[in-house]
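Visitor: Fold the following for me, if possible:
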Amino acid sequence: MKPIQLAQKLALLPAKRWKQLSFLVGFDGFADTLYSVVKRRSSPTRYTCIHSIGEFARALARTSGQGTNFELVTKQKKIGGNGPILAEALCEMGAPPLLIGTLGLPKIEPLFTPLTKRCKKVISYAPSAVTDALEFEDGKIMLGKHENILQSNLKKALGGIREKALLAAFNEADIVAATNWTMLFGMTEFWKYLFEHIAPRIAARKRTFFVDFADPAKRSRKDLQEALEILRLGRKYYQIILGMNLHEAEQISALCNTGKRHKNDLLSFTAQLASSAGVDGVVLHTTKEAYAMVNGKTHLVRGPYTATPKITTGGGDNFNAGFLLGLGLNLSLDEALMLATATSGYYVRHAKSPNRKELIRFLKLSF
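Guide: So this is what the prediction gives:
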């Protein structure tokens with residue numbers, strides 16, 4: 001299918017249909033500040049920036065043994081965390097989810113207050129963490145301050161929500177997006193609690209459990225292996241799909257002994273990864289392309305790449321939002337993947353998630 005055909009198909013689906021979709025998104029929450037790194041300043045108002053991570057790395061290396069300083073220019077302060085950004089994107093596209101996260105305690109923090117008005121419901125179980133992100137044209141360096149979420153016990157905190165309410169939330173959700181496993185050390189334990197005590201008591205129907213590990217390199221192989229084992233238990237109740245970038249895919253591949261990938265055949269690599277991980281599907285995205293294997297079906301989409309993005313932080317979360325929206329709308333795998341690349345493509349160009357009309361227009365004009 002061509003992008004313009006997908007745009008026409010989406011335009012025929014009433015906005016009411018989008019709003020009726022049932023998503024549950026969690027379980028993190030960050031207060032993000034995005035920065036450019038100054039390369040050279042010629043006046044109080046004029047400066048040039050370091051453009052790439054490689055250029056920044058070389059600048060750092062030149063100062064080894066001496067020390068130096070870098071000037072940061074604030075680009076934006078915004079909600080952060082994979083869950084809130086994904087939820088915000090779904091809200092903007094007209095498919096508001098139920099959001100559970102670390103958004104403030106005892107009260108939801110002002111930064112996240114707008115989400116309480118846009119999501120179907122917002123539940124917070126801990127204070128937010130903080131991230132300072134250095135943004136470059138080819139990627140970002142995330143500097144996190146995680147004290148608030150490192151101490152959070154998801155099983156205890158979420159189990160503390162009235163069980164009736166927790167059951168109702170998961171019973172209603174056709175698609176659950178569980179993000180940022182890496183930084184939430186209680187996530188695996190919560191998944192086990194969910195699959196053993198909540199999922200068996202909800203209505204049996206087709207459901208999806210989508211997982212974004214979020215750079216598991218800082219966690220041990222044992223931790224990641226245990227998480228995958230617990231996710232396999234969830235296949236009794238959910239279609240389990242993993243979403244990841246290439247860096248994350250290579251980490252999981254090494255754990256699962258997928259084998260050496262051919263650099264020009266990421267589609268086969270994606271299929272092998274899903275099989276070796278023992279899940280129903282894998283969605284893999286790079287800056288230029290996206291690959292998926294779900295329930296034996298594979299597809300590749302070449303996305304609307306730009307060499308000069310306005311923002312990169314949150315691009316993957318917007319990709320996930322577009323893909324999950326496609327699943328919710330019962331689009332085919334190739335259509336869902338194309339919708340994902342369009343959502344992220346719009347986001348990195350405009351530094352905001354697209355609404356329904358903007359997304360349809362982007363599909364018509366930008367591929």
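Visitor: Worst mean pLDDT across the helices and strands of this protein, which element?
Guide: None of the helices or strands of the chain scores lower by mean pLDDT, DSSP states H and E than helix 154-159, at a mean of 64.
Visitor: Specify the next element, helix or strand, located C-terminal of it.
Guide: Counting by DSSP states H and E, the next helix or strand C-terminal to helix 154-159 is helix 163-172.
Visitor: Name the surrounding residues that touch that following helix.
Guide: With contact meaning Cβ atoms under 8 Å, 6 or more residues apart in numbering, helix 163-172 is reached by 22, 24, 98, 100, 121, 123, 158-159, 176, 194, 198-199, 201-203. Placement of C-beta: from N, CA and C, glycine included.
Visitor: For it, list the C-alpha coordinates in CSV.
Guide: Extracted in CSV, the C-alpha atoms of helix 163-172 (Å, rounded to 0.1, in the frame of the first residue of the first chain):
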residue,chain,number,x,y,z
GLU,A,163,-7.7,-4.4,43.0
LYS,A,164,-11.1,-3.9,41.6
ALA,A,165,-9.9,-0.7,39.8
LEU,A,166,-6.7,-2.5,38.5
LEU,A,167,-8.8,-5.4,37.2
ALA,A,168,-11.2,-3.0,35.5
ALA,A,169,-8.3,-1.1,33.9
PHE,A,170,-6.7,-4.2,32.4
ASN,A,171,-10.0,-5.8,31.5
GLU,A,172,-10.9,-2.7,29.4
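Visitor: pLDDT averaged over that helix - what is it?
Guide: Averaged across helix 163-172, the pLDDT comes to 88.
Visitor: Repeat that for stretch 133-149.
Guide: Confidence for stretch 133-149, expressed as mean pLDDT, is 87.
Visitor: Return the member of the contacts of helix 163-172 nearest to S42.
Guide: For S42, the nearest member of those is I100. The distance, counting by Cβ to Cβ, is 47.5 Å.
Visitor: how near is that closest one to R207?
Guide: In this view, I100 and R207 are 17 Å apart by Cβ to Cβ, to the nearest Å.
Visitor: the more surrounded of the two?
Guide: Remark: of I100 and R207, I100 carries more neighbours, 28 against 19, as counted by other Cβ atoms under 10 Å.
Visitor: Quick one: residues contacting I79.
Guide: Contacts for I79 (Cβ under 8 Å, 6+ apart) come out as G29, F30, A31, D32, I85, E88, L111, F112, L115.
Visitor: follow-up on the earlier one: scan the contacts of helix 163-172 and report the most crowded one.
Guide: For the contacts of helix 163-172, the largest number of neighbours (other Cβ under 10 Å) sits with I100, at 28 neighbours.
Visitor: neighbouring strands for the helix or strand containing that residue, and are they parallel or not?
Guide: Element membership for I100 (DSSP H and E) is strand 98-101. Sheet pairing of strand 98-101 (DSSP bridges) gives strand 23-26 (parallel), strand 121-124 (parallel).
Visitor: still on that earlier bit, pLDDT-wise, what's the bottom of the contacts of helix 163-172?
Guide: Within those, G159 has the lowest pLDDT, namely 58.
Visitor: N330 is nearest to which of the strands paired with strand 98-101?
Guide: strand 23-26 (14.1 Å).
Visitor: who touches the following helix or strand past the closest one?
Guide: The C-terminal neighbour of strand 23-26 among helices and strands, as given by DSSP H and E, is strand 30-41. Outside strand 30-41, the residues within contact range by Cβ under 8 Å, 6+ apart are 47-51, 55-56, 59, 70-81, 84, 102, 109, 111, 128-136, 144, 311, 313.
Visitor: One more: stretch 354-365?
Guide: In contact with stretch 354-365 (Cβ under 8 Å, 6+ apart) are residues 3-4, 6-7, 10-11, 15, 18, 92-94, 304, 322, 338-339, 342-343, 345-347.
Visitor: and it, C-alpha only, in CSV?
Guide: Taking Å, rounded to 0.1, in the frame of the first residue of the first chain, the C-alpha atoms of stretch 354-365 are listed here in CSV:
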residue,chain,number,x,y,z
PRO,A,354,0.6,15.0,14.9
ASN,A,355,-3.2,15.2,15.3
ARG,A,356,-5.4,13.1,13.1
LYS,A,357,-5.7,15.7,10.3
GLU,A,358,-1.9,16.4,10.3
LEU,A,359,-1.1,12.7,10.2
ILE,A,360,-3.3,12.1,7.2
ARG,A,361,-1.9,15.2,5.4
PHE,A,362,1.6,14.1,6.2
LEU,A,363,1.0,10.6,4.7
LYS,A,364,-0.3,12.3,1.5
LEU,A,365,2.5,14.7,1.0
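Visitor: Only the buried residues of that stretch, if you could.
Guide: For stretch 354-365, the neighbour count (16 or more other Cβ atoms under 10 Å) marks P354, R356, E358, L359, I360, F362, L363, K364 as buried.
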